[in-house]
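Chemist: Need coordinates for the below:
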Amino acid sequence: MEIVRNPDGSLVVPVPATRHHEGDDLDETTAGDGNGTVVGETTRVLHPGEGGYSEALAEWDLQQNPDREPVVSTASGREEAMRIVHAISETPDHDIAGALKEIKDPEACGEALRYVLVGGTHSVEAFAAEVAEAEGGDPLAAHTMTKIIGEVLAELDK
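Modeler: Purely as a prediction, here's the structure:
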């Protein structure tokens, strides 16, 4: 099963089925098959800021183009990524398509953002601090930064 990205940025991720033996306590989210095994939920919705969201977003992005080379962040790509994220966070309507028209190298920008995601939550937090230092203002919360990165990557992949 693939990860699905919803328009609100939430991700529907597969969850491995759980197995229980007869006599284990059952709850309303599980159903028995009569043979002593129980299968739990098969998907879960993750929202920006929840544990595992950044990693799931990186996996979703990889699913969009499984033949993509490993991500590499260049200095110019990272600078453009910082500018685009800051610009989007400062506009009330989050005009991503309009903001992307201002960058010179969308591919390098996307690679830099993918590189941030691959690093997980600590990488996202460090990137948010770097953006605040370079562009001014307070660092964005990790969940806000991750959501914006996901929106930019989705727009770049169109």
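
Chemist: drop to CA atoms for contacts and neighbour counts, all remaining ones
Modeler: Will do.

Chemist: Need the residue closest to the centroid of the chain.
Modeler: The centroid of the chain falls nearest to L57 when counting by Cα atoms, centre = their mean (2.8 Å).

Chemist: check which helix or strand covers the residue lying closest to that one once chain neighbours are set aside.
Modeler: Nearest residue to L57, sequence neighbours excluded (Cα to Cα, 6 or more residues apart in numbering): G150, at 6.9 Å. G150 is part of helix 142-156 when elements are defined by DSSP states H and E.

Chemist: Show me which parts of that helix are buried, residue by residue.
Modeler: Going by neighbour count (16 or more other Cα atoms under 10 Å), the buried part of helix 142-156 is 142-154.

Chemist: try stretch 125-132
Modeler: Going by 16+ other Cα under 10 Å, stretch 125-132 has these buried residues: E125, F127, A128, A129, V131, A132.

Chemist: what would these look like in JSON lines with pLDDT, distance to T43 and secondary structure?
Modeler: Converted to JSON lines, the buried residues of stretch 125-132 look like this (pLDDT from 0 to 100; distance: Cα to Cα, whole Å; DSSP: H, G, I helix; E, B strand; the rest coil):
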{"residue": "E125", "pLDDT": "93", "distance to T43": "27", "secondary structure": "helix"}
{"residue": "F127", "pLDDT": "95", "distance to T43": "30", "secondary structure": "helix"}
{"residue": "A128", "pLDDT": "95", "distance to T43": "30", "secondary structure": "helix"}
{"residue": "A129", "pLDDT": "95", "distance to T43": "33", "secondary structure": "helix"}
{"residue": "V131", "pLDDT": "94", "distance to T43": "34", "secondary structure": "helix"}
{"residue": "A132", "pLDDT": "94", "distance to T43": "35", "secondary structure": "helix"}
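
Chemist: how about these in a markdown table, adding distance to D67?
Modeler: Formatted as a markdown table, the buried residues of stretch 125-132 follow (distance: Cα to Cα, whole Å):
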| residue | distance to D67 |
| --- | --- |
| E125 | 28 |
| F127 | 26 |
| A128 | 29 |
| A129 | 31 |
| V131 | 30 |
| A132 | 33 |
